[in-house]
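Visitor: got a predicted model here, sequence first, then my questions.
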Amino acid sequence: MPELVPLDSVAPDKVKRLLDDAFGADRFGRTAYLLRKRSKPIGPLSFALVENAEAIGTIQCWPVRIGNFSIMLVGPVAVTPDLQGKGIGHQLMHAMLDAAAKIGEPVMVMIGDPEYYERFGFTSELTGGWTLPGPWEPRRLLARNARGIAVPQTGMLEEDERAL
Ligand SMILES: CC(C)(COP(=O)(O)OP(=O)(O)OC[C@H]1O[C@@H](n2cnc3c(N)ncnc32)[C@H](O)[C@@H]1OP(=O)(O)O)[C@@H](O)C(=O)NCCC(=O)NCCS
């Protein structure tokens, strides 16, 4: 049985190998990386699934902001290619959402396929006025605002240097 553990308890090279396998080694050019270049993952909300001493899945969360408004960037969410489609992505998302509920449901943003992430409460409807420091497809810029709080309608998502 895979074991869900805090991300920071797993050797970074194991997580890197998983991300290389899931996204390709050229992933660093993606816009999402510009939002987490210097930051550290948020410990209580970032996990790995480990089986036979290898990381087979990961979910990571990072501090970003629009102006002074704090938002949590979700991603990468990754499952090792051989094990995709077996519910591991759901397990990782629910682990993150359960942990987020315990800390008061922060507003979340991610860049991902709406066909997958809408089932977890993410929608592009909240993000039409948001911009990013690199290219993005508007339909894949998704947010989740479980408490329905007032969020900025417009503005640039940036790395939150207050959390560095
Ligand atoms: C996307 C990803 C995290 C999903 O995890 P997973 O363990 O493979 O998926 P699950 O087993 O939890 O869910 C399977 C279901 O989701 C659907 N699904 C998986 N990826 C999907 C996608 N990108 N778009 C739409 N639906 C998707 C499957 O068709 C399946 O649907 P069904 O339940 O109707 O049969 C994983 O496939 C992955 O790592 N992909 C490569 C990296 C990536 O694109 N990450 C997301 C961007 S941050």
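Guide: Perfect, thanks for sending it.
Visitor: assign a three-state SS to whichever residue of the chain sits closest to the ligand, would you?
Guide: Residue nearest to the ligand within the chain (CB to the nearest ligand atom): Gly89, separated by 2.2 Å. For the C-beta atoms, the positions are set from N, CA and C on the backbone; glycine is no exception. Under the three-state scheme (DSSP: H, G, I helix; E, B strand; the rest coil), Gly89 adopts helix.
Visitor: can you pull out the low-pLDDT segments for this structure?
Guide: Along the chain, no part satisfies pLDDT under 70.
Visitor: where along it do the strands fall?
Guide: 3-6, 47-51, 54-66, 69-79, 108-111, 130-131, 141-144, 155-159 (DSSP state E).
Visitor: can I get those in TSV with distance to the ligand and mean neighbour count?
Guide: Output for the strands of the chain, formatted as TSV (distance: least, CB to the nearest ligand atom, whole Å; neighbours: other CB atoms under 10 Å):
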stretch	distance to the ligand	mean neighbour count
strand 3-6	14	12
strand 47-51	10	21
strand 54-66	7	22
strand 69-79	4	22
strand 108-111	6	24
strand 130-131	17	18
strand 141-144	10	22
strand 155-159	15	17
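Visitor: between those, which gets nearest to Tyr117?
Guide: strand 141-144 (5.4 Å; CB to CB).
Visitor: which helices and strands does the closest one pack with?
Guide: strand 108-111 (3 or more CB pairs under 8 Å, 6 or more residues apart in numbering; DSSP states H and E).
Visitor: picking up where we left off before, what sits against the residue of the chain closest to the ligand?
Guide: Gly89 sits next to 57, 77, 79, 116 when contact means CB atoms under 8 Å, 6 or more residues apart in numbering.
Visitor: what is the nearest of those residues to Arg162?
Guide: Closest to Arg162, out of all of the contacts of Gly89 and judged by CB to CB, is Val77, at 24.8 Å.
Visitor: give the contact list for that closest one.
Guide: Each residue near Val77 by CB under 8 Å, 6+ apart is listed here: 58-60, 89, 92-93, 110, 112.
Visitor: Leu34 against Pro135, yeah?
Guide: No. Leu34 sits out of contact with Pro135 when judged by CB atoms under 8 Å, with a separation of 10.2 Å.
Visitor: who's more crowded, these two?
Guide: More crowded of Leu34 and Pro135, by other CB atoms under 10 Å: Leu34, with 15 against 8.
Visitor: gap between the spatially closest residue to that one that is not a sequence neighbour and Glu3?
Guide: What sits nearest to Leu34 in space, not counting adjacent residues and going by CB to CB, 6 or more residues apart in numbering, is Pro133, at 4.7 Å. Per CB to CB, to the nearest Å, Pro133 is found 36 Å from Glu3.
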